[in-house]
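Novice: Fold the following and give me the result.
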Amino acid sequence: MLVLFLSHITLQAQTVEDYLKNGNKFQDETNYKSAIKEYSKALKIEPQNIDALYYRGNAYFDSENYADAIQDYSSIIELNKNYVDAYYNRANAYYEIEEYEKAINDFSFVLKLDDKYADALYDRGNANLDVFWYAGGDWPDSTGIPEGGP
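Specialist: Below is the predicted model:
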């Protein structure tokens, strides 16, 4: 009887695509911890899966775990030097941890790969402003109006 019962059990091995789908569902629900677990399962099967690295990096980013996000985006870049969104997202992670020079470098490389990437241009400008502010800069008076008024 036990043999008969066991013969009806079918084990369904989950594929990388299954884990990615599950992870994306959790990501959409803002359940980042579960999403990260699913993407990590996909990476155990296929350690160099760029989609799993990218999605997990995004889940780390969204959960404000910027160091791990940077690590995943960097892994993607090692696998594909022209993956524009990996550079862009890594730049944003660097920006969040106030590593503005690294952010600026990545935003600049995004623009080298795609000179029409408007968000990268805008964000690079913001990072440059932050470098300026943290260096003790001040806006020059461009109005021509004296400090006390006309």
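Novice: List the contacts of the helix or strand containing residue 69.
Specialist: Element membership for residue 69, per DSSP states H and E: helix 66-79. For helix 66-79, contacts defined as C-beta atoms under 8 Å, 6 or more residues apart in numbering pick out 48, 50, 53-54, 56-58, 60-61, 83, 86-87, 89-90, 93-94, 96-97. Where C-beta positions appear, they are placed from N, C-alpha and C, glycine not excepted.
Novice: try stretch 119-132
Specialist: Contacting residues not belonging to stretch 119-132 are listed as 88, 91-92, 95, 98, 100-101, 103-104, 107-108, 110-111, 114 [C-beta under 8 Å, 6+ apart].
Novice: 10 Å - rerun?
Specialist: 84, 87-88, 91-92, 94-95, 98-115, 117, 137-139 (C-beta atoms under 10 Å, 6 or more residues apart in numbering).
Novice: and that stretch, how far from the chain's centre?
Specialist: Per C-alpha atoms, centre = their mean, to the nearest Å, the displacement of stretch 119-132 from the mean C-alpha position of its chain is 17 Å.
Novice: Against residue 34, how distant is residue 78?
Specialist: Distance, residue 78 to residue 34, by C-beta to C-beta, to the nearest Å: 27 Å.
Novice: do the same with residue 98
Specialist: Residue 98 is 29 Å from residue 34, by C-beta to C-beta.
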